[in-house]
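Novice: sequence? don't have it. structure:
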């Protein structure tokens, strides 16, 4: 994998008013910027994603000859503020205030820090900004905050504002961490999360009432595996900070609502919903897309929320269209569904689970 680089921001102000210093933002730049520096694709990763995997799309959607061809496009994936994959900072004590275990970070903060990085790279305007789930939320913030800094944006499986349903699931995950302690609690939180990332029909089709390895049922072994896997590679405080950022997400906050916030963007904006997504249902994506006048694409998939990581063909089609089209996406003004043409490959099955930064030889 490409080793991350680091950009240092001496002083960075959060929305909360807290000041961070010596912010070391890790990032990966795959491919080369051209002389005009107008061939950059900015990718925001999901909750426990990392820059090295380019939002989970490296080698499948992004790479030489892929939908985002790194022979033509330079792909930038920064580690989001709050994540533990190489982005660090120091907190400046605030007189009269007691600091929490982690600073209050928002998706707006994450977009603003990424903009600092683009300015350092002397990129005035990205060709495309995209991401899924948390990365999609940051993409929406980018569009609303810096409407002149990109000509195209594609948002996969993300809401305009975090719903009560999604906030509730995050609350359960926090409570698990508090009740069980950092390691055991993070494992349980991941198990809870995995149940929202996939669809009931897919889990039933895959596991039914089959026996597990050392546990009564296969679904139990599956969840236990993912819980242990996250504990081995992620930090609890980062997880909590990012859950808070997701819950705070509301692109229309202070801007007159989502439609008004996104109306400042004059480029091509596409919203991509997933038919079986129970975390951010397709209808939720459809509502903000219609309100904002965005293109709507629907991925027809049984794999739930994680389809934005697993349905490489459909995801690649949308991104390729965004980069190649003039005017609206693929010359369309309406809605279109993209259907998976074949079952997932064994390699895709090994990569399953949103926020799986590194592939595993173990069955997921």
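Specialist: That came through, no problem. It should be emphasised that the depicted structure is a prediction, and the values quoted were computed from it without experimental measurement.

Novice: Does anything pack onto the longest strand along the chain? Which helices or strands?
Specialist: Across the chain, the longest stretch assigned as strand under DSSP state E is strand 19-30. Under the contact criterion of 3 or more CB pairs under 8 Å, 6 or more residues apart in numbering; DSSP states H and E, the helices and strands touching strand 19-30 comprise strand 5-13, strand 74-78, strand 88-91, helix 107-120. Bear in mind the C-beta positions are built from the backbone N, C-alpha and C, glycine included.

Novice: how far off strand 74-78 does it point, in degrees?
Specialist: Between the direction of strand 19-30 and that of strand 74-78, the angle (axes from the mean of the first three to the mean of the last three CA atoms, to 10 degrees) works out to 150 degrees.

Novice: Quick check: buried residues in strand 19-30?
Specialist: Along strand 19-30, these residues count as buried under the neighbour rule (16 or more other CB atoms under 10 Å): 19, 20, 23, 25, 26, 27, 28, 29, 30.

Novice: what residues are up against the third one?
Specialist: When the contact criterion is CB atoms under 8 Å, 6 or more residues apart in numbering, the partners of residue 23 are 8, 9, 10, 12, 81, 87, 88, 89, 113.

Novice: give the contact list for the residue nearest to residue 156 when sequence neighbours are not counted.
Specialist: If you skip the residues right next to it in sequence, residue 156 has residue 132 as its closest partner in space, 3.6 Å away by CB to CB, 6 or more residues apart in numbering. Residue 132 makes contacts with 46, 55, 56, 155, 156, 157, 158, 308, 309, 354, as judged by CB under 8 Å, 6+ apart.

Novice: among those, which are in helices?
Specialist: Judged by DSSP state H, helices contain the following of the contacts of residue 132: 308, 309.

Novice: among the contacts of residue 132, which are in strands?
Specialist: Among those, the members found in strands (DSSP E) are 155, 156.

Novice: From the contacts of residue 132, which one has the minimum pLDDT?
Specialist: Looking at the contacts of residue 132, model confidence by pLDDT dips furthest at residue 354: 39.

Novice: Could you measure from the residue nearest to residue 156 over to residue 189?
Specialist: Distance of residue 132 to residue 189, computed by CB to CB, to the nearest Å: 20 Å.

Novice: next one: residue 173
Specialist: Relative to residue 189, residue 173 is positioned 4 Å away (CB to CB).

Novice: Between the two, which is the more surrounded one?
Specialist: Summary of the neighbour comparison: residue 173 and residue 189, criterion other CB atoms under 10 Å, with residue 189 having more neighbours (26 against 22).

Novice: Show me what counts as buried in the host helix or strand of that one.
Specialist: Per DSSP states H and E, residue 189 falls inside helix 182-197. Taking 16+ other CB under 10 Å as the neighbour-count basis, helix 182-197 is seen to contain the buried residues 185-197.

Novice: If you count contacts, what does whichever helix or strand comes after that helix end up packed against?
Specialist: Past helix 182-197, further along toward the C-terminus, the next helix or strand under DSSP H and E is helix 200-207. Other elements packing on helix 200-207 under the criterion 3+ CB pairs under 8 Å, 6+ apart are helix 218-233.

Novice: between the helix it packs on and helix 182-197, how big is the angle?
Specialist: Compare the direction of helix 218-233 with that of helix 182-197 by the same axes, to 10 degrees and you get 130 degrees.

Novice: Tell me the first helix or strand C-terminal of helix 218-233.
Specialist: helix 236-248.

Novice: what's that following helix in contact with?
Specialist: For helix 236-248, the surrounding residues in contact (CB under 8 Å, 6+ apart) are 47-48, 80, 82-84, 101-107, 109-110, 134, 137, 162, 166-167, 170, 173-174, 177, 182-183, 185-186, 189.

Novice: Try it again at 7 Å.
Specialist: With CB atoms under 7 Å, 6 or more residues apart in numbering as the test, helix 236-248 has contacts from 47, 82-84, 101-102, 104-107, 110, 134, 137, 162, 167, 170, 173-174, 177, 182, 186, 189.
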